[in-house]
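>>> Just need the structure, nothing else, for what follows:
(chains A and B)
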Number of protein chains: 2
Amino acid sequence: MGAIRFALIGVGKIARDQHLPAIAGNPDFDLVAAVSHHDPELDVPWFATLDALMASGIAVDAVALCTPPQVRHALAVQALHHGLHVFLEKPPGATLAEVETLRAIADARGRTLFASWHSRYAAGVDLAKAWLAERQIRAVRIVWREDVREWHPGQEWIWQAGGLGVFDPGINALSIATHILPQPFHATQAVLYVPANRDAPIAADVAFTDVSGTQMSMNMDWRETGAPTWDITVETDDGTLRLSVAIGHARLVLPHALHEGPDREYAALYARFARLIADGISDVDVAPLRHVADAFLLGQRRLVEPFVE
Amino acid sequence: MGAIRFALIGVGKIARDQHLPAIAGNPDFDLVAAVSHHDPELDVPWFATLDALMASGIAVDAVALCTPPQVRHALAVQALHHGLHVFLEKPPGATLAEVETLRAIADARGRTLFASWHSRYAAGVDLAKAWLAERQIRAVRIVWREDVREWHPGQEWIWQAGGLGVFDPGINALSIATHILPQPFHATQAVLYVPANRDAPIAADVAFTDVSGTQMSMNMDWRETGAPTWDITVETDDGTLRLSVAIGHARLVLPHALHEGPDREYAALYARFARLIADGISDVDVAPLRHVADAFLLGQRRLVEPFVE
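Purely as a prediction, here's the structure:
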């Protein structure tokens, strides 16, 4: 089989920082075009719309959607109807129902739909999962704090309804937790702190439990002004695990071991996407987005001071 | 097979109005006990907790949970671990994740879990589904308006976080719409009107679309002071369908036909529960609750005047 002829849709920060280098480094993919509102200044033809690309005669097998979640669904439907395999950035949609619809279309068309969760491929995650599988978990604590002005400059869409607010980074933690914890959790209480001039929360606290009564707490805050903290701490009957992720790097601390490694998240995601296409299957796990929807469903809202960037 | 030895958990308004008459009218069920904080004054033994009932030596095969959704999950887990079949009132949980957990436990234990949606058994619903299956749908309009003081007196839990507010009745409309419409819809916009002194919305407008671009609008309002309106209107290429439900009665108007009938909702639910138990299977459709979670996820909140009962 030849390389997968690939087009990138949406050429923003995540596309440039992560997708383009990962695609360039993977011989299974051949970047043939881009779709963007403005000229992305890449070495391949670009088009303002997916329809224009499809009308161009350029052969395309697969696309990645790197647009904001509010517009991702219509593009994914179009792409699947064009017979393309689709890589969705996280979160896979603005609603859970639209993701179910995409899954049904991909299944009906026999195309691969990949709802990607890049943080699951951070260094140490698989080791953490294996270590926890053999231990009794007593408590879980997630702390996900970063300065929104530093990490999301100018991203107006994250503040709009459907943009998730502080859950946009927080869903990364949930994607790891749902992957490494052996028992499913569900939210029991949530407080969402919403700036008076915005629709989406700038901070949130969520309490979860599993069926055994094990508690998980999650604190997210975009008002952090110091260094970011992206930590998952798990107390077990055999000591404490701490997974700390950072940009380009992650660090797993176990009672008698330390594992550190560089970021291979997007390289791993594209390797997985190629494998899914070769196997003719999809991978659509909505669990992280479901936890976010649950937190909104049962969350108390507290108005906090307006956020001005 | 003998009758299913049955216990009712939570003996509030819905239990007295609907469950007890339906159980009394179905020879497949034999009511043997009740669980309630206070003496429910029924002709069967009552217990303050499920554990007390199970310790009593009374043999029980199945239970219905008629408690508020915020406490339903822990009881359902207990009941499944006692080897009981479980009938869940709507909504099946306060979160989507907890329902997935229940489904997994029921499957692992080989017990029946039934997430009931009583409005799907209103008169005319099956006929509406059959009629729509053969027509092109152009637009759908749901209007669900009732006086909260009349229909939910003293129900403090519906105003608390996790209590759904006006979506508590609105989810009935969604349970019908997801059943009768041939294509899946997903929410694209939502506005939730929340009293300044409450956590849950008193009114809401939600816009949905399907993949063909067909629009569905949904208007819910608990501030209605006149007669309630519980209507689903579907415009098709062959005229308009209108399904109007009422307490104890429903009315389906088609272009050249009218179908009216008395309420058999809970009788039909218990007939279905008995059939599921006999067949050894579960029926857990989360689609209505998923739409509500999606509306909360992408909904804009607007504060409205405090609600005092």
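>>> Isn't A:Gly261 up against A:Asp126?
No - under the criterion of Cβ atoms under 8 Å, A:Gly261 is not in contact with A:Asp126, lying 10.7 Å apart. For glycine as for every other residue, the C-beta is placed from the backbone atoms N, C-alpha and C.
>>> what residues does the stretch 51-200 of chain A put near chain B?
A:73, A:77, A:94-98, A:100-101, A:104-105, A:161-162, A:164, A:184-190, A:194, A:199 (Cβ under 8 Å from any Cβ of the partner chain).
>>> Sort out which of those residues are in strands and list them.
A:Phe185, A:His186, A:Ala187, A:Thr188, A:Gln189, A:Ala190, A:Val194 (DSSP state E).
>>> can you pick the most crowded of the residues you listed?
A:Ala187 (27 neighbours; other Cβ atoms under 10 Å in any protein chain shown).
>>> host element of the residue nearest to that residue when sequence neighbours are not counted?
Nearest residue to A:Ala187, sequence neighbours excluded (Cβ to Cβ, 6 or more residues apart in numbering or on different chains): A:Asp294, at 4.5 Å. Per DSSP states H and E, A:Asp294 falls inside helix A:287-298.
>>> helices and strands around that helix, which ones?
helix A:96-109, helix A:167-180, strand A:185-195, strand A:203-210, helix B:96-109, helix B:287-298 (3 or more Cβ pairs under 8 Å, 6 or more residues apart in numbering or on different chains; DSSP states H and E).
>>> looking at these, which is buried most?
Burial of the helices and strands packed on helix A:287-298 is given as mean neighbour count (mean count of other Cβ atoms under 10 Å in any protein chain shown); helix B:287-298 ranks first at a mean of 26.
>>> Pull the residues that contact that helix.
When contacts are defined by Cβ atoms under 8 Å, 6 or more residues apart in numbering or on different chains, helix B:287-298 is touched by residues A:94-97, A:100, A:161-162, A:164, A:290, A:292-294, A:296-297, B:90-93, B:95-96, B:99, B:117, B:164, B:167, B:170-171, B:174-175, B:178, B:184-190, B:192, B:204, B:206, B:208.
>>> again, but for stretch A:7-23
A:6, A:29, A:31-36, A:40, A:42, A:46, A:50, A:53, A:58, A:60, A:62-68, A:75, A:79, A:89, A:118, A:265-267, A:269-270.
>>> Tell me how chain A divides into domains.
A:4-115, A:119-265+A:293-304 (automatic domain parsing).
>>> With respect to B:Ser212, which of those lies nearest?
Taking Cβ to Cβ, domain A:4-115 is the member of these nearest to B:Ser212, at 9.8 Å.
>>> pLDDT averaged over that closest one, what's the number?
For domain A:4-115, the mean pLDDT works out to 95.
>>> Between its first and last residues, how far does it reach?
By Cα to Cα, to the nearest Å, the extent of domain A:4-115 from end to end equals 18 Å.
>>> interface residues of the stretch 201-309 of chain A facing chain B?
A:210-211, A:287, A:290-294, A:296-301.
>>> nearest spatial neighbour of the residue nearest the centre of chain A, skipping sequence neighbours?
Geometric centre of chain A, nearest residue: A:Lys90, 3.1 Å, by Cα atoms, centre = their mean. Nearest residue to A:Lys90, sequence neighbours excluded (Cβ to Cβ, 6+ apart): A:Trp117, at 5.4 Å.
>>> The one you found and chain B: what is the separation?
16 Å (Cβ to the nearest Cβ, to the nearest Å).
>>> which residues does that residue contact?
A:Trp117 touches A:Lys90, A:Asn172, A:Ser175, A:His179, A:Asp285, A:Pro288, counting by Cβ under 8 Å, 6+ apart.
>>> A:Arg242 too?
A:Arg242 touches A:Asp231, A:Ile232, A:Thr233, A:Val234, A:Leu252, A:Val253, counting by Cβ under 8 Å, 6+ apart.
>>> Convert the helix or strand hosting A:Ala139 to PDB, retaining C-alpha atoms only.
Per DSSP H and E: A:Ala139 is located in strand A:137-145. C-alpha atoms of strand A:137-145 as PDB (Å, rounded to 0.1, in the frame of the first residue of the first chain):
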ATOM      1  CA  ILE A 137      -6.400   2.700  44.600                       C
ATOM      2  CA  ARG A 138      -7.300   4.800  47.700                       C
ATOM      3  CA  ALA A 139      -7.700   8.300  46.300                       C
ATOM      4  CA  VAL A 140      -7.000  10.300  43.100                       C
ATOM      5  CA  ARG A 141      -6.200  14.000  42.800                       C
ATOM      6  CA  ILE A 142      -6.000  15.900  39.600                       C
ATOM      7  CA  VAL A 143      -4.600  19.500  39.600                       C
ATOM      8  CA  TRP A 144      -4.600  21.200  36.200                       C
ATOM      9  CA  ARG A 145      -3.700  24.900  36.500                       C
END
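>>> For it, list every residue counted as buried.
A:Ile137, A:Val140, A:Arg141, A:Ile142, A:Val143, A:Trp144, A:Arg145 (16 or more other Cβ atoms under 10 Å in any protein chain shown).
>>> Quick one, grab the pLDDT at the fourth one.
Residue-level confidence at A:Ile142 comes out at 98, pLDDT.
>>> how much space between it and chain B?
15 Å.
>>> correct me, but that residue touches A:Ala177?
Yes - look at A:Ile142 against A:Ala177 with Cβ under 8 Å: they come within range, at 6.5 Å.
>>> any shared contact partners between the two?
With Cβ under 8 Å, 6+ apart as the test, A:Ile142 and A:Ala177 both reach A:Met216, A:Ile232.
>>> tell me which of the contacts of A:Arg242 is nearest to B:Ser217?
After measuring the contacts of A:Arg242 against B:Ser217 - Cβ to Cβ - the closest member comes out as A:Ile232, at 41.5 Å.
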